[in-house]
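# mind folding the following:
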Amino acid sequence: MKTKMILKAAEKFVVDNSPGILTGLGVAGAVTTAVLTGKASWNSALEVRDLREVSVGDEKGEPTSKQKFELVWKNFIPPAAVGIVTVTAIIAGNQIGARRTAAIAAAFKLSEQLNEDYKKKVLETLGFQKEEKMRSELAAEKIEKNPPDKSMLIISGSDVLFYDELTGRYFHNTMEKVQQAVNEINHQVNNYFHASLSDFYWKIGLTPTSISDEIGWNSDELLDVQYSPVMYEGKPAIMIGYNNEPIRGFDRLQ
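Now for the predicted structure:
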């Protein structure tokens, strides 16, 4: 039973890490192929030299290409075999990696679709006013769990405290400028086919993150911001949500 469990665990490890294992085999195979090819070439050169010396000594003349080939071809069987295995491992690793990437992308897309369907169902069930009230309550809970720095509660002029739902960051801006940024992003999408989340962050006064360059919007779905107003410590605040969440591969033209 213990042996069976060990074998099962080993099998799972190999399956889970097969792309990395195959890539490692490919690298090792490439090095081994180079070493074996060098060794085969060296041995073949020595054998051809000996054959030439014998042929000249027996006054048979210079060995022909056919004679040389028949003498040395077996030397190159090991590097050729290792090379075939190496190429096979690299191709198999790439295929497995591509299939897994496609599966993750499909799952991500399905998750997005389920999230959209859930939002629509909530809106249909509760109605617009109740759904808006629920969003404001959820926004208040999120801000309570992740409160802003006290210095950010000082609001000057018409600036409002905003909370970005995706990154949990706060920033000051006006409703007019944020909405203008939304319009500019959608104008960019309509004219240049795509815009990244980083583009939007720059426009509203937030610095991009490590992920914001990789996700965004394209002509399939424009940026659609959802505003959830709340009060925090007697000050107005607005949580920014995304009806159309930014997606990976937004900049790939279909």
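
# what mean pLDDT does the one helix or strand residue 95 maps to have?
For residue 95, the element it lies in under DSSP states H and E is helix 77-126. Per-residue pLDDT values over helix 77-126 give a mean of 65.

# also stretch 141-149?
69.

# and for stretch 217-228?
Rounded mean pLDDT across stretch 217-228 is 89.

# end-to-end on it?
21 Å (CA to CA, to the nearest Å).

# list the buried residues of it.
217-218, 221-223, 225, 227-228 (16 or more other CB atoms under 10 Å). From N, CA and C alone the C-beta is placed, and that goes for glycine too.

# could I get those residues as TSV with secondary structure and distance to residue 25?
Listed next are these as TSV, based on DSSP: H, G, I helix; E, B strand; the rest coil; distance: CB to CB, whole Å:
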residue	secondary structure	distance to residue 25
217	strand	41
218	strand	38
221	strand	42
222	coil	46
223	coil	45
225	strand	49
227	strand	54
228	strand	52
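
# what are the ranges of the strands in the protein?
Assigned by DSSP state E, the chain shows strands spanning 160-164, 169-173, 194-196, 215-218, 225-232, 235-242, 247-248.

# hmm, who's touching the fourth one?
Right, strand 215-218. 185-186, 189, 193-200, 223, 244, 246-248, 250-251 (CB atoms under 8 Å, 6 or more residues apart in numbering).

# which PyMOL command selects the buried ones in those?
The following PyMOL line selects those of the contacts of strand 215-218 that are buried, judged by 16+ other CB under 10 Å:
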select buried, resi 185+186+189+193+194+195+196+197+198+199+200+223+246+247+250+251
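
# one step back: next, format the buried residues of stretch 217-228 as CSV and append distance to residue 177.
Output for these, formatted as CSV (distance: CB to CB, whole Å):
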residue, distance to residue 177
217, 19
218, 24
221, 23
222, 19
223, 15
225, 12
227, 13
228, 18
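
# average pLDDT for stretch 33-49?
80.

# and it, C-alpha only, in CSV?
Provided in CSV are the C-alpha atoms of stretch 33-49 (Å, rounded to 0.1, in the frame of the first residue of the first chain):
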residue,chain,number,x,y,z
THR,A,33,23.8,15.8,-28.4
ALA,A,34,26.6,18.4,-28.8
VAL,A,35,29.0,16.4,-26.7
LEU,A,36,28.3,13.1,-28.5
THR,A,37,28.5,14.8,-31.9
GLY,A,38,31.9,16.3,-31.0
LYS,A,39,33.1,12.9,-29.8
ALA,A,40,31.8,11.1,-32.9
SER,A,41,33.4,13.7,-35.2
TRP,A,42,36.7,13.3,-33.4
ASN,A,43,36.6,9.5,-33.5
SER,A,44,35.6,9.6,-37.2
ALA,A,45,38.4,11.9,-38.1
LEU,A,46,40.9,9.5,-36.4
GLU,A,47,39.4,6.5,-38.3
VAL,A,48,39.5,8.3,-41.6
ARG,A,49,43.1,9.3,-41.0
